[in-house]
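S.K.: sequence? don't have it. structure:
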């Protein structure tokens, strides 16, 4: 029964994470100006602000412990900086180079918390052939489902793009590692406080970037910005809280959980794009989504 509940929470987490892609895509497609770096930084700032409000409500209603915990505050600062860095450098990488290639490289950051769990958490899932084959299929799946840039939008690989994508890769991986380490140290504790304090850091970083680039003439439509970012912040808070709950329970090894989440998110994004946005894909992408689904089965068998 415990495993059923944990996998149910994992399923809901994947749904919440996938819905973020829907809100982000809806925001970007609502106006051409929303494709710019400055518009997206504002989206991140507003989304993180709404997430902070949601997390504070969760803490006030359900948490009985103190809000401030010094070690948790330290973890929160690291997580917040990494989260803001992942967002900032992903946007810069996409602006500088290929959207498809940037997304592909950053998606492989799931290997960082997986490797961390194997080395430091004592997970032995790497000994199972299902895990090895599942990871290989997942990496192949991510390679196949990457989108293609429009012919006019193709960009050469530059040194600046390489720096941005490497920093985004590591920042994204660090986010999941810090979350895992915090819950290994304080299982089931300070979850909403950890995330709320992190969002303060994210909003501060985004605000600093906005102030630095204040001279830029930024265009965006206020209504979709507020609606999409608020919903994005709400589901992100839900996903992160559930993820920390699963990690704290310790029933699903992190080495298995993070790859399953990545593959599951790809499958849900496919369904959202196929059904809601009526997108159609290439033959290789369909094969990639099938391999992603197969990797989920094998990883859970491990």
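M.R.: Received it, and whenever you're ready, just let me know what you need. Just so it is clear, the structure is predicted and the values come from calculations on it, not from any experiment. Numbering: from 1, shown residues only.
S.K.: What's the local residue count around the closest residue to residue 7 other than its chain neighbours?
M.R.: Excluding the flanking residues, the one nearest residue 7 by C-beta to C-beta, 6 or more residues apart in numbering is residue 252, at 7.4 Å. To be clear about C-beta, it is placed using only N, CA and C from the backbone, and glycine gets the same treatment. By the criterion of other C-beta atoms under 10 Å, residue 252 has 18 neighbours.
S.K.: Can you classify residue 252 by secondary structure?
M.R.: Following DSSP: H, G, I helix; E, B strand; the rest coil, residue 252 is assigned to coil.
S.K.: Residue 167 sits in which helix or strand?
M.R.: helix 159-185 (DSSP states H and E).
S.K.: on contacts alone, who are the packing partners of the next helix or strand after that helix?
M.R.: The helix or strand immediately downstream of helix 159-185 is helix 191-212, counting by DSSP H and E. Contacts defined by 3 or more C-beta pairs under 8 Å, 6 or more residues apart in numbering; DSSP states H and E place helix 191-212 against helix 37-62, helix 70-96, helix 222-249.
S.K.: tell me the mean pLDDT for helix 191-212?
M.R.: Average pLDDT, helix 191-212: 93.
S.K.: Report the inter-axis angle for it versus helix 159-185.
M.R.: 160 degrees (axes from the mean of the first three to the mean of the last three C-alpha atoms, to 10 degrees).
S.K.: Residue 88 contacts residue 205, doesn't it?
M.R.: Yes. Shown here, residue 88 and residue 205 form a contact pair, counting by C-beta atoms under 8 Å, at 7.3 Å.
S.K.: Could I get the buried residue list for whatever helix or strand residue 261 lives in?
M.R.: Under the criterion of DSSP H and E, residue 261 resides in helix 254-275. Counting neighbours by 16 or more other C-beta atoms under 10 Å, one finds that the buried residues in helix 254-275 are 254-270, 272-273.
S.K.: angle of that helix against helix 222-249?
M.R.: 150 degrees.
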